[in-house]
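J.: Need coordinates for the below:
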Amino acid sequence: MAFGGAQASYINPVVPFTGMIQGGLQDGHKITVIGAVLPSGGNRFAVNFQTGYNDNDIAFHFNPRFEEGGYVVCNTKQRGSWGPEERKMQIPFQRGSSFELCFHVHSSEFKVTVNGNLFTQYAHRVPFHRVDTICITGIVKLSSISFQPPGSWPANSAPITQTVVHTIHSTPGQMFPNPVIPPVVYPNPVYQLPFFTSILGGLYPSKSILVSGAILPSAQRFYINLRSGSDIAFHLNPRFNENAVVRNTQINGSWGPEERSLPRGMPFFRGQSFSVWIMCESHCLKVAVDGQHLFEYHHRLKNLPAINNLEVGGDIQLTHVQT
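T.: Take a look at the predicted model:
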């Protein structure tokens with residue numbers, strides 16, 4: 001069953017992916033694609049909203065291209081023929097970095113946001129209610145595709161991500177080598193802080209965790225902890241009074257040496273939304289903020305499956321958690 005009648009999400013879908021949109025698109029629909037751009041293997045990816053499983057009729061073709069400095073093509077295909085391209089000569093994605101890509105369906109247009117920021121608007125050229133299929137191809141690795149139907153969140157509030165988790169069966173050559181435990185997306189838009197939940201199966205290479213929210217205007221600091229029992233394997237602690245993002249590990253009640261260096265400035269800002277993506281690799285955690293890779297943190301606790309709890313607290317409003 002799904003919460004509130006929402007369509008079940010597609011979890012860890014293998015690219016190229018084609019899936020049904022139950023009931024077709026409607027005014028007020030929101031589709032969220034979470035994933036990462038692969039560092040190599042091509043120059044493009046595409047998200048198509050189309051009629052049926054063939055590509056003769058594509059109502060909206062969203063096509064980032066890592067060519068000529070990077071740009072995004074939007075178009076419509078009718079009866080096998082493309083219309084005039086609309087090009088935006090900038091690209092909000094980076095190779096090797098995670099992203100949250102949202103498509104909001106309105107009566108007159110699609111609105112596209114990337115990592116919480118409005119990127120483009122695309123006026124409907126064909127009736128959007130004909131769309132019943134989403135197709136994603138190219139150089140992306142997907143974590144989830146989720147659907148929020150019209151009226152599933154009140155105005156001026158955080159969207160509710162409503163997800164039913166499907167069991168994943170690994171197949172030879174599948175892009176996701178360890179999809180044993182599918183991610184869980186929590187449906188409640190109101191999180192009590194500190195928020196604490198288990199990570200089913202613990203950490204393993206290719207496991208990812210996503211935490212999104214909004215930083216309070218008067219914020220001093222907040223934290224994201226990955227815990228192993230009473231130990232904190234990874235402590236992520238943005239501090240606004242110090243203009244620093246502190247990382248550390250606590251074992252047997254004692255903190256280790258702090259890591260503070262960043263390749264660029266403070267990525268968090270008071271009064272603004274944020275999205276933190278934590279990707280586990282065999283030797284380290286890779287952390288991206290708002291789709292931009294920020295740093296790596298080498299494992300100090302080596303028993304990855306034992307790192308099986310997530311804790312979030314501090315001066316934020318938490319809006320989205322995926323483990």
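J.: Check the gap between the residue most central in space within the chain and Pro194 for me.
T.: Centroid-nearest residue in the chain, with Cα atoms, centre = their mean: Ile34, separated by 3.2 Å. Going from Ile34 to Pro194 by Cβ to Cβ, to the nearest Å gives 24 Å. Heads up, the C-betas are built off the backbone N, CA and C, glycines and all.
J.: likewise Thr319?
T.: Thr319 is 15 Å from Pro194, by Cβ to Cβ.
J.: These two: which is more packed in?
T.: Neighbour count, other Cβ atoms under 10 Å: between Thr319 and Pro194, Thr319 has more, with 21 against 13.
J.: Now the more buried one: which helix or strand?
T.: Assigned by DSSP states H and E, Thr319 falls within strand 316-322.
J.: what about this protein, any weak spots by pLDDT?
T.: Within the chain, the ranges that satisfy pLDDT under 70 run 1-6, 151-190.
J.: Domain boundaries for it, per the record?
T.: Per automatic domain parsing, the domain ranges recorded for the chain read 3-148, 195-322.
J.: which residues of the stretch 101-250 of the chain fall in strands?
T.: Counting by DSSP state E, counting those that start in this stretch, the stretch 101-250 of the chain has strands at residues 109-114, 117-123, 133-138, 140-148, 195-198, 208-215, 222-228, 231-239, 244-251.
J.: what does the last one contact?
T.: To tie it back to what came earlier, the one meant is strand 244-251. Strand 244-251 has contacts (Cβ atoms under 8 Å, 6 or more residues apart in numbering) with 231-239, 255-260, 262, 266-268, 294-295, 297, 300-301.
J.: give me that answer again for 10 Å
T.: Defining contact as Cβ atoms under 10 Å, 6 or more residues apart in numbering, one finds that strand 244-251 is touched by 221, 223, 225-228, 230-239, 255-262, 266-268, 285, 287, 289, 294-301.
J.: Could you name the helices and strands sitting against whichever helix or strand comes after it?
T.: Counting by DSSP H and E, the next helix or strand C-terminal to strand 244-251 is strand 254-255. Counting contacts by 3 or more Cβ pairs under 10 Å, 6 or more residues apart in numbering; DSSP states H and E, strand 254-255 is packed against strand 231-239, strand 244-251.
J.: and among these, the most buried is which?
T.: Of all these, strand 231-239 has the most neighbours on average by mean count of other Cβ atoms under 10 Å, namely a mean of 22.
J.: For Met279, see how far away Met20 is.
T.: Here the criterion is Cβ to Cβ. By it, Met20 lies 29 Å from Met279.
J.: Looking at the two, which one has more neighbours?
T.: Of the pair Met20 and Met279, Met279 is the one with more neighbours under other Cβ under 10 Å, namely 21 against 13.
J.: what pairs with the helix or strand where that one lies, and is each one parallel or antiparallel?
T.: Following DSSP H and E, one finds Met279 within strand 273-280. Applying DSSP bridges to the sheet, strand 273-280 is found paired with strand 208-215 (antiparallel), strand 284-289 (antiparallel).
J.: List the contacts of His106.
T.: Contacts for His106 were tallied using Cβ under 10 Å, 6+ apart; they are Asp27, Gly28, His29, Gln121, Ala123, His124, Phe128.
J.: let's see it at 8 Å
T.: So His106 contacts Asp27, Gly28 (Cβ under 8 Å, 6+ apart).
J.: and what of Val15?
T.: Val15 neighbours (Cβ under 8 Å, 6+ apart): Ile136, Thr137, Gly138, Val140, Lys141, Leu142, Met175.
J.: Among the residues you listed, name the buried ones.
T.: Ile136, Thr137, Gly138, Val140, Lys141, Leu142 (16 or more other Cβ atoms under 10 Å).
J.: So the second one is in contact with Phe45, correct?
T.: Put plainly, it is Thr137. Yes: using Cβ atoms under 8 Å, Thr137 makes contact with Phe45 at a distance of 6.5 Å.
J.: partner residues bridging the closest residue to Thr133 other than its chain neighbours?
T.: The shortest distance from Thr133 to any non-neighbouring residue, by Cβ to Cβ, 6 or more residues apart in numbering, is to Gln50 (5.1 Å). Per DSSP bridges, the residues bridged to Gln50 are Ile58, Thr133.
J.: ok so, going back, could the helices and strands packed on strand 254-255 go into CSV alongside distance to Arg79?
T.: Formatted as CSV, these follow (distance: least, Cβ to Cβ, whole Å):
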stretch, distance to Arg79
strand 231-239, 51
strand 244-251, 52
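J.: Tell me which of the ones you listed sits nearest to Leu101.
T.: Across the helices and strands packed on strand 254-255, Leu101 has its closest neighbour in strand 231-239 (23.5 Å, Cβ to Cβ).
J.: What is that closest one packed up against?
T.: When contacts are defined as 3 or more Cβ pairs under 8 Å, 6 or more residues apart in numbering; DSSP states H and E, strand 231-239 packs onto strand 222-228, strand 244-251, strand 273-280.
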